[in-house]
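>>> Quick one, what's the 3D model for this:
(2 chains)
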Number of protein chains: 2
Amino acid sequence: MSLKTLTRDTFNEIFEANSDRYIEEWKEFLRFPSLGAFEEHKQDCRNCAAWVVAQLSAMGLDASILETGHQPAAYAHRPAKPGQKTVLFYGHYDVQPADPLEDWTTPPFEPDLREGRLYARGAEDNKGQVMYVLKAIETLLQNDALNVGLKILIEGEEECGSQGLNASVDQWHDTLNADILMVCDTGTVRSGIPTITMGLRGVIFMALTLTGPDHDLHSGVHGGVCPNPAQGIAELLASLHDSRGHIAIEGYCDDITEPSERALELANEIALDPNEYRTDTGAPPVGGERDFTARERIGFRPTIEINGVHSGFGGQGTKTIIPSVAEAKISSRLVPGQDPDRCLNLIRKHLEAHTPPGLQLAIWDCMSAGPGFRLDPNSELISQAHNVLTELSPHKPAYVWEGASVPIVSALAQAAKAEPLLIGFGHDEDRIHAPNESFSIEQFRQGFLYACLFLSQL
Amino acid sequence: MSLKTLTRDTFNEIFEANSDRYIEEWKEFLRFPSLGAFEEHKQDCRNCAAWVVAQLSAMGLDASILETGHQPAAYAHRPAKPGQKTVLFYGHYDVQPADPLEDWTTPPFEPDLREGRLYARGAEDNKGQVMYVLKAIETLLQNDALNVGLKILIEGEEECGSQGLNASVDQWHDTLNADILMVCDTGTVRSGIPTITMGLRGVIFMALTLTGPDHDLHSGVHGGVCPNPAQGIAELLASLHDSRGHIAIEGYCDDITEPSERALELANEIALDPNEYRTDTGAPPVGGERDFTARERIGFRPTIEINGVHSGFGGQGTKTIIPSVAEAKISSRLVPGQDPDRCLNLIRKHLEAHTPPGLQLAIWDCMSAGPGFRLDPNSELISQAHNVLTELSPHKPAYVWEGASVPIVSALAQAAKAEPLLIGFGHDEDRIHAPNESFSIEQFRQGFLYACLFLSQL
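Here you go, the predicted structure:
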């Protein structure tokens, strides 16, 4: 069977004939509670990586565990024949924490298929999207229809900053060297509209603690005298933004690379629909900086987000205390031009300068997961991918500058000397990072067809 | 045995001879997890009230349960003979929640005597202080040395606003009618210095919820577009104070009754020692309004305290979300002149006016537990008590305008038509409302001697 005979319809028939098996294997993948950030899930992560290696081996690839010093990665290699390009496919098997557990309709690590959607932590992000690519590669290998060299790297720490991989990639030029870095950890701008992700934001993390008294105090006896860390952390966190939603940290936005006219135009082509946004999320899209469109705020502007804040009493009834301690977790999305380490330092300095009197500030878990990046809408690879997506769907493909981060992508692209290509089939309704995450069989099928067509046409 | 033969030394001998039994009974009292705010502790509260009734009956008093519609109170009565005054002794058997449980050295409801201190939730507040008064009354009754009529009211909802009692006192004029309202729910300004509490602040409570998206969102995908309730609640809570620590709610302080010159002078007589404060609490006394002394801030100024704030992720590692919801619990201490209902409304209006765009504010558990009040330093009762305290201790008694609230005291004083007398032996190191609450045997002894002397000299 030659390359030319495999059309969209053929791939679709293969999908229909094999989808039950694909779903069973996808469920197996989802049953691993592979929370890469947690020491107590170390063995779950290793088991999950081993399962991926077994999958890759069964496809006939030379596969192995790649040690990173932290959670291991699964790796496979098929050498390119002379004249062939090499594709490095990158994905991750680790998942976000599943709490609050009580909000899940079915348990997060017991995948459940309901009304055409598979529900589980990682159903989309990223196990679901990894699975359709692997099944596409399996299909192409079985049909001798893969005309490129192939490297596959499925890591286990994407959700917590890819520390192990980040520390290793510089020594792995040969392991990773490729022409194209294929990533499927992204989504579509609207359900059914195939989407090329043209940029990702970088991300840095920080945790902070404000300590007041060394034990909770009676709020009557001490109110007005003892500094209150709950009030202090509110003031400190509020100081991060001005009244128009801009980041209020001095110098934070100085080095931002402004987007090109063409990029701004393409990004604003599909405006974010406030009604659709409210339906999907329950909230109006009125967060962030007042002076930019929603697409611009997501694609071209940095944010500082409070991911959590906790202090004092939160149960039923009343407890009139001045809490001893307040904690917050913050993260910041960065755009090209912003240096992650510089930004971490600027936040630290700002927090130190704005700590209310009498409270002790501690900053911990400071981490940069890498800078943001943007692709060129005029590149040949982007055109090629655009053609495949045009073939796949009746809808005109969209270009999107994403707000999310796949922090390792910059580092991998540099180490592999490869051009990134970010096409994925996620959508808001998948509720990634939240309870009841899911991915539809239709999204899986779209991703499978895209991967089959794109890889077979290289 | 006549009244005149019972001196301080005699009472001390009685204490020494009986202290083991006193401590055993005090421990019995502490074993009830009498958390008045919690439906699931309803039976524990009823059992605890019944135990108090049994104690009072064993002392020869006519004692019974007094139903309030909520947690029941224990009540006893000894009629006054002609010409005798009547003392209404008020205390409470309910206690604050014990969380965080893991911070207790020994379990909160298994009282443990270590190095002269009894550790348990309620060891001081208020079971310990109630016990020494009951043991003093027992002593006086056994020695026929009580020359007054007596009413005893030990309620079960002080820590959550005395709702049942507040709703009942207006119908209980006969039950409560007295000359002196004796309360021992207060402390000493410094360890060993007997202290008359000359005022208490009122207190109101409120809980609030800010809702953004209807589920946690990915902070990259949605950061800069979806309003963040964790950031919103920080801004909202920060808006309650200005940069000099003053309450920033319009009109909140308009009706404050300023203290007399004499009160200001007496209150500032024993300045709060910053070093001692730091040793006791672990924090410097630099909270609240910059323009008043610490004693003035505690005694004569209102506060709004954040008792707790909770939103989003707080565990180990990172979770890059925009939380769906943020909650806070706040309470406000009021001074004479401030109307609790008016203050609740002003806070509500302020919160509504300052809610950031796109977030939904809900306010719940709004409650007033009563206004603040002040006593006259020149009254005869205060002089009488001052003399007893002078006899009790080598240290000059102190006058203190307290920051805490015993919200029912105003209502009780009014219903009983009685003059309040607030003398207690608590101290900062007792850590009331916090883990490892305790009360020393020496404090108990001081309280016992005071109650014996004061009541026997009426």
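>>> In the lengthiest helix in chain A, which residues are buried?
Determined from DSSP state H, the single longest helix within chain A is helix A:8-30. By neighbour count on 16 or more other CB atoms under 10 Å in any protein chain shown, the buried set for helix A:8-30 is A:T10, A:F11, A:I14, A:F15, A:S19, A:Y22, A:I23, A:E25, A:W26, A:K27, A:F29, A:L30. Yep, even glycine has a C-beta here, placed from its N, CA and C like the rest.
>>> In the stretch 251-400 of chain A, what residue comes closest to chain B?
Ranked by CB to the nearest CB, the top residue of the stretch 251-400 of chain A for proximity to chain B is A:G282, at 2.8 Å.
>>> quick revisit: tell me which residues of the next helix or strand after the longest helix of chain A are tucked away?
Of the helices and strands lying after helix A:8-30 in sequence (DSSP states H and E), the nearest is helix A:42-58. Of all the residues in helix A:42-58, those buried under the rule 16+ other CB under 10 Å are A:K42, A:D44, A:C45, A:R46, A:C48, A:A49, A:W51, A:V52, A:V53, A:Q55, A:L56.
>>> do the same with stretch A:359-366
For stretch A:359-366, the neighbour count (16+ other CB under 10 Å) marks A:L359, A:L361 as buried.
>>> Can you pull out the residues in contact with it?
The contact list for stretch A:359-366 (CB atoms under 8 Å, 6 or more residues apart in numbering or on different chains) reads A:204-212, A:227, A:229, A:232, A:236, A:329, A:344, A:348, A:351-352, A:355, B:283, B:317-318.
>>> Just the residues you listed: which are in helices?
Using DSSP H, the contacts of stretch A:359-366 in helices are A:P229, A:G232, A:L236, A:L344, A:R348, A:L351, A:E352.
>>> mind listing the strands for the stretch 351-458 of chain A?
Remark: strands assigned in the stretch 351-458 of chain A by DSSP state E, counting those that start in this stretch are A:360-368, A:373-374, A:398-401, A:419-423, A:438-440.
>>> who in the stretch 351-458 of chain A is up against chain B?
Proximity of the stretch 351-458 of chain A to chain B, by CB under 8 Å from any CB of the partner chain, involves residues A:357-359, A:365, A:367, A:402-405, A:428, A:431-436.
>>> before we move on, back to that, reformat the buried residues of helix A:42-58 into TSV and put distance to chain B and pLDDT next to each item.
Formatted as TSV, those follow (distance: CB to the nearest CB, whole Å; pLDDT from 0 to 100):
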residue	distance to chain B	pLDDT
A:K42	13	96
A:D44	15	97
A:C45	13	98
A:R46	18	98
A:C48	17	98
A:A49	19	98
A:W51	23	98
A:V52	22	98
A:V53	25	98
A:Q55	27	98
A:L56	28	98
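>>> circling back to that earlier point, TSV for the strands of the stretch 351-458 of chain A, including mean pLDDT?
Shown next, in TSV, are the strands of the stretch 351-458 of chain A (pLDDT from 0 to 100):
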stretch	mean pLDDT
strand A:360-368	95
strand A:373-374	91
strand A:398-401	93
strand A:419-423	96
strand A:438-440	98
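>>> do you know which of those strands lies nearest B:R278?
Nearest to B:R278, of all the strands of the stretch 351-458 of chain A, is strand A:360-368, at 12.0 Å by CB to CB.
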